[in-house]
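[1] Whatever this is, show me its structure:
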Amino acid sequence: MDEDAKIYVISVAAQLAGMHPQTLRQYDRLGLVQPGRTRGGVRRYSHRDIQMLREVQRLSQDEGVNLAGIKRILELEAEARQLRRQVDFLRTLVDPGRRVFRADPTGNVVADRLHPLAETTPPRRPRWVPRQLTAGPSARHRDG
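    You can find the predicted model right below:
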């Protein structure tokens, strides 16, 4: 069964989560759990939504976290999951122990030519490096 399939009406979802349907409506209004909607506007919950409702209840009742705090916790957990997926993806692109970027003798950040991504990543001078430092010795003597 697909955990994200929106199949439960609010009365069934409330019963499975051990809550009153009005509580689910409040959580929906606050954005804590966002059920799907039918064309007629009827809320439909998935198995994952039911698990989320139980977690909200646990944080509220067992941990004493208020609803604003719970919303922030859920947002941060979702962001952490997304960042983990990005890190996992980036790890598939890079060989362990190999550098992608390095600093050249003048302090510029450049793509490491030994790395396969270096061919697609153009070197760039960081904005915070003064122009005199990257222009070479002759430019410094002319300006000064």
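
[2] so where's this protein uncertain?
    Where the chain drops to pLDDT under 70, the residues are 95-99, 112-144.

[3] In terms of residue numbering, what are the domains of it?
    Listed by automatic domain parsing, the domain ranges of the chain are 8-93, 95-125.

[4] from what I can see Ala17 touches Gln57, true?
    Yes - the pair Ala17 / Gln57 is scored as a contact, 6.9 Å apart, by C-beta atoms under 8 Å. Yep, even glycine has a C-beta here, placed from its N, CA and C like the rest.

[5] Pick out whichever of these two has more residues nearby.
    Ala17 (24 against 16; other C-beta atoms under 10 Å).

[6] Could you pull up the residues touching the more buried one?
    By C-beta atoms under 8 Å, 6 or more residues apart in numbering, the contact list for Ala17 reads Leu24, Ile50, Leu53, Arg54, Gln57.

[7] please redo it, this time with the cut-off set to 10 Å
    Contact partners of Ala17, counting by C-beta atoms under 10 Å, 6 or more residues apart in numbering, are 8, 23-24, 27, 33, 45, 49-57.

[8] Ignoring the adjacent residues along the chain, who's closest to Phe101?
    Spatial nearest neighbour of Phe101, excluding adjacent residues (C-beta to C-beta, 6 or more residues apart in numbering): Val109 at 5.4 Å.

[9] what's the burial count for that neighbour?
    For Val109, the neighbour count with other C-beta under 10 Å is 13.

[10] Let me know which of the domains of the chain is tucked in deepest.
    Of all those, domain 8-93 has the most neighbours on average by mean count of other C-beta atoms under 10 Å, namely a mean of 14.

[11] Measure how far that one is from the centre of its chain, please.
    From the chain centre to the centre of domain 8-93 is a distance of 16 Å (C-alpha atoms, centre = their mean, to the nearest Å).
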